[in-house]
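Enquirer: got a sequence here, can you build the structure:
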Amino acid sequence: QGCGSAVRVPLSTDVTLGKTAMPDFFDDACTFTSRKHATLSFDGDAVVCHANSANGLCVIKNVDAKRRVATPLKGGGTARLWSLELGAALAAYKGHSGPVWAVSACPQCPYFATGGWDTSARVWSSEHSQALRILAGHSADVDSVCWHPNGHYVATGSSDQTVRLWDVATGTSVRLLAGQHREPGSAGAISPGGNLLASADMGGGAVLWDLGSGRALSVLKGHNAGVWGLSFSGEGGVLASGGLDGTVRLWDAASRLSSRELRQQDPVKSFWTRSSPVGGVRFTRGNLLLACGALSLRSGGRTGPAA
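Expert: Numbering: from 1, shown residues only. A predicted model of the protein is given here:
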């Protein structure tokens, strides 16, 4: 059961320790923790970041009140756990056979999920060096991962233009959300109530789904370039999106629950940056909306928000 005894692994002594120097920068600072909605907020609790590069990923996850962070490792496919106090790597998590594109921390326990170039997603415990679950089913890169609020499920978005919901306890896909995206996936978010999932793609498309039925509720039209950030407000009634078109847009998520028809939806409000693509958005617990961006786009290969 999600974070219960079915998949919990006791503290292991086989976690690889290292003393690699702390990197001078994070390739792409982004994601979140459910309790401290912040970007690179070294508040002693937890922060999650990810890197859209062939060098790997960043993940920050706290398990014992000591501030820790995992950052990119040359060659890709590996996460490292760092002590911000010591400036040294504490552990390495190896498993993916190529670059890791996405990471998300579990809101209920010291687990995190990763998705990567090798078409798989993996569920890890920060206390163990081997993945607890390998989630296999996508036919292309896994570009986004996010946890269900109850900690029992992980949602993944892929370049195969589908979204899957996985049971963490069994490693099986329990929902396949398909037919709406025409471009590779780029972002995902699940509402605080756990009943809605928002997914986005690199073409600027976004879709709101009913997780209970697996039915698409709304096609969100407004962005004209890739959407790299999605976040629900605290009560789940508002969805925020941020894109490479330099905009942050707000959408009505609450009214779609009662609809029986798939409809196109326009944003209720839009915000423009001066010139910066938006790489991530996050609602705080007080329903303030944070957005992060960059001054330029990385050229060549798999493009995304620059550091």
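Enquirer: and stretch 278-293, end to end?
Expert: Start and end residues of stretch 278-293 are separated by 4 Å (CA to CA, to the nearest Å).
Enquirer: how about low-confidence regions in the stretch 151-300 of the chain?
Expert: For the stretch 151-300 of the chain, residues meeting the criterion pLDDT under 70 lie at 256-259, 295-300.
Enquirer: can you give me the strands in it?
Expert: Ranges of strands in the stretch 151-300 of the chain, per DSSP state E, counting those that start in this stretch, are 153-158, 163-167, 172-177, 185-190, 196-201, 206-210, 215-220, 227-232, 238-243, 247-252, 263-265, 269-272, 278-283, 289-293.
Enquirer: let me have those strands in TSV, extended by distance to residue 85 and mean neighbour count.
Expert: C-betas here are computed from N, CA, C, even on glycine. Below are the strands of the stretch 151-300 of the chain laid out as TSV (distance: least, CB to CB, whole Å; neighbours: other CB atoms under 10 Å):
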stretch	distance to residue 85	mean neighbour count
strand 153-158	30	26
strand 163-167	34	22
strand 172-177	40	16
strand 185-190	31	27
strand 196-201	36	27
strand 206-210	39	23
strand 215-220	42	20
strand 227-232	29	26
strand 238-243	32	26
strand 247-252	34	21
strand 263-265	46	13
strand 269-272	37	13
strand 278-283	25	25
strand 289-293	24	19
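Enquirer: dump the residue contacts of residue 232.
Expert: With contact set as CB atoms under 8 Å, 6 or more residues apart in numbering, residue 232 has these partners: 189-192, 196, 198, 238-240, 253, 283.
Enquirer: would you format those residues as JSON lines with distance to residue 162 included?
Expert: Listed next are those as JSON lines, based on distance: CB to CB, whole Å:
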{"residue": "189", "distance to residue 162": "16"}
{"residue": "190", "distance to residue 162": "16"}
{"residue": "191", "distance to residue 162": "20"}
{"residue": "192", "distance to residue 162": "24"}
{"residue": "196", "distance to residue 162": "17"}
{"residue": "198", "distance to residue 162": "15"}
{"residue": "238", "distance to residue 162": "26"}
{"residue": "239", "distance to residue 162": "20"}
{"residue": "240", "distance to residue 162": "23"}
{"residue": "253", "distance to residue 162": "21"}
{"residue": "283", "distance to residue 162": "26"}
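Enquirer: just the closest of the residues you listed to residue 167, please.
Expert: Minimum separation from residue 167 among those (CB to CB) is found for residue 190, which lies at 14.3 Å.
Enquirer: name whatever forms a beta bridge with the closest one.
Expert: Judged by DSSP bridges, the bridge partners of residue 190 are residue 197.
Enquirer: quick one: it from residue 154, how far?
Expert: Counting by CB to CB, to the nearest Å, the separation of residue 190 from residue 154 is 10 Å.
Enquirer: what is in contact with the two at once?
Expert: With contacts taken as CB under 8 Å, 6+ apart, residue 190 and residue 154 have 146-148 as neighbours in common.
Enquirer: picking that back up, how about the strands of the stretch 151-300 of the chain in TSV, adding distance to residue 91?
Expert: Below are those laid out as TSV (distance: least, CB to CB, whole Å):
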stretch	distance to residue 91
strand 153-158	21
strand 163-167	24
strand 172-177	28
strand 185-190	27
strand 196-201	31
strand 206-210	35
strand 215-220	39
strand 227-232	28
strand 238-243	31
strand 247-252	35
strand 263-265	43
strand 269-272	39
strand 278-283	25
strand 289-293	27
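Enquirer: neighbouring contacts of stretch 165-182?
Expert: Residues beyond stretch 165-182 that count as contacts (CB under 8 Å, 6+ apart) turn out to be 1-4, 6-7, 111, 121, 123, 133-135, 137, 148, 151-156, 161-164, 197, 199, 201, 203, 205, 207, 209, 211, 214, 216, 219.
Enquirer: burial of residue 140, as a residue count?
Expert: When neighbours are counted by other CB atoms under 10 Å, residue 140 registers 14.
Enquirer: name the SS class of it, please.
Expert: Reducing the assignment at residue 140 to three states with DSSP: H, G, I helix; E, B strand; the rest coil gives coil.
Enquirer: residue 161 versus that one, what's the distance?
Expert: Separation of residue 140 from residue 161 (CB to CB) stands at 8 Å.
Enquirer: who touches both of those two?
Expert: Contacts common to residue 140 and residue 161, judged by CB under 8 Å, 6+ apart, are residue 184.
Enquirer: what is the helix or strand containing residue 114 packed up against?
Expert: In the assignment (DSSP states H and E), residue 114 maps to strand 111-116. In this structure, strand 111-116 makes packing contacts with strand 100-105, strand 120-125, strand 142-147, strand 153-158, judged by 3 or more CB pairs under 8 Å, 6 or more residues apart in numbering; DSSP states H and E.
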